[in-house]
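S.K.: got a sequence here, can you model it:
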Amino acid sequence: MKRKTIMVAMLMAMMGLTACQASETKENGQTSSEVEVIRFEDTETNTETDTEGTESTQTDTTEEKTDGSVSSEMTDNFSVDPKDVADYAASIQEAVSQKDMEKLADLTAFPVYVGLEGVDVVDTREDFLALDSSAVFSEEMCSVIEQADASGLEASRAGFTLMGEEGPSITFGVVNGELRITGINY
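M.R.: Prediction:
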């Protein structure tokens with residue numbers, strides 16, 4: 001039972017969830033199971049089993065970069081610090097407001113989906129820069145992205161999406177350990 005509880009706890013840790021095992025008190029005061037509350041916050045645990053069947057656990061933690069800034073390791077969209085998400089979204093908003101194709105390309109992972117008529121997927125930075133900038137920075141795109149709330153964006157498997165009530169949007173997420181634009185939708 002204890003090994004099963006540990007395995008469940010480790011799985012819950014990987015998923016960032018809280019586990020609680022309830023107990024039942026009988027009339028004679030005895031409990032039928034132990035109460036165990038396990039909380040996992042601000043860490044991600046990875047468990048691996050080697051060829052001999054031995055488990056090892058690694059925990060991703062916050063690390064200090066050489067420039068003095070602090071950021072969490074980005075292994076997936078759910079491991080990104082909310083401040084990093086808001087800062088990145090603000091960078092996208094700046095590039096769009098300036099209608100700067102170079103800046104937007106710098107923020108983009110290639111290949112990237114671009115939902116312009118007749119475009120679909122753009123394979124390279126050069127192909128992206130060759131797009132019609134007036135189409136990329138349409139009036140509606142600029143308006144929606146300017147008004148989008150960059151704080152409090154929720155993570156999903158697809159990433160984070162800067163968008164308004166309707167219309168165009170820009171999706172970004174973790175690509176090779178860095179935030180990058182993965183879709184520009186019209």
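S.K.: hey, let's count contacts and neighbours off CA atoms from now on
M.R.: Noted.
S.K.: what's near enough to touch A105?
M.R.: Going by C-alpha atoms under 8 Å, 6 or more residues apart in numbering, A105 touches 125, 128-129.
S.K.: and for M163?
M.R.: When contacts are counted by C-alpha under 8 Å, 6+ apart, M163 touches 144-145, 148-149, 169-170.
S.K.: same deal with A90?
M.R.: Residues near A90 by C-alpha under 8 Å, 6+ apart: A150.
S.K.: how far away is it from Q147?
M.R.: Distance, A90 to Q147, using C-alpha to C-alpha, to the nearest Å: 11 Å.
S.K.: circling back to that earlier point, of the contacts of A105, closest to E178?
M.R.: Checking the contacts of A105 against E178 with C-alpha to C-alpha, the nearest one is R125 at 16.9 Å.
S.K.: just the buried residues of the contacts of M163.
M.R.: 144-145, 148-149, 169-170 (16 or more other C-alpha atoms under 10 Å).
S.K.: just the closest of those residues to T161, please.
M.R.: I170 (5.6 Å).
S.K.: which non-adjacent residue is nearest that closest one?
M.R.: I184 (4.6 Å; C-alpha to C-alpha, 6 or more residues apart in numbering).
S.K.: for that neighbour, list each beta-bridge partner.
M.R.: Counting by DSSP bridges, I184 forms beta bridges with V114, I170.
S.K.: what's the burial count for it?
M.R.: By the measure other C-alpha atoms under 10 Å, the count of residues near I184 is 22.
S.K.: now do the same contact list for it.
M.R.: So I184 contacts 112-115, 168-171 (C-alpha under 8 Å, 6+ apart).
S.K.: tell me which two of the residues you listed sit farthest apart.
M.R.: Applying C-alpha to C-alpha across those, the maximum distance is between V112 and P168, 15.4 Å.
S.K.: so S91, which state does it fall into?
M.R.: With DSSP: H, G, I helix; E, B strand; the rest coil as the basis, S91 sits in helix.
S.K.: tell me the spacing between it and S97.
M.R.: S91 sits 10 Å away from S97, going by C-alpha to C-alpha.
S.K.: same thing with E126?
M.R.: Distance, E126 to S97, by C-alpha to C-alpha: 21 Å.
S.K.: so where do the helices sit in this structure?
M.R.: Under the criterion DSSP state H, the chain contains helices at 2-15, 82-97, 101-106, 125-129, 133-136, 139-147.
S.K.: for L153, which of those helices is the nearest?
M.R.: Among those, helix 82-97 sits nearest to L153 (C-alpha to C-alpha), with 7.3 Å.
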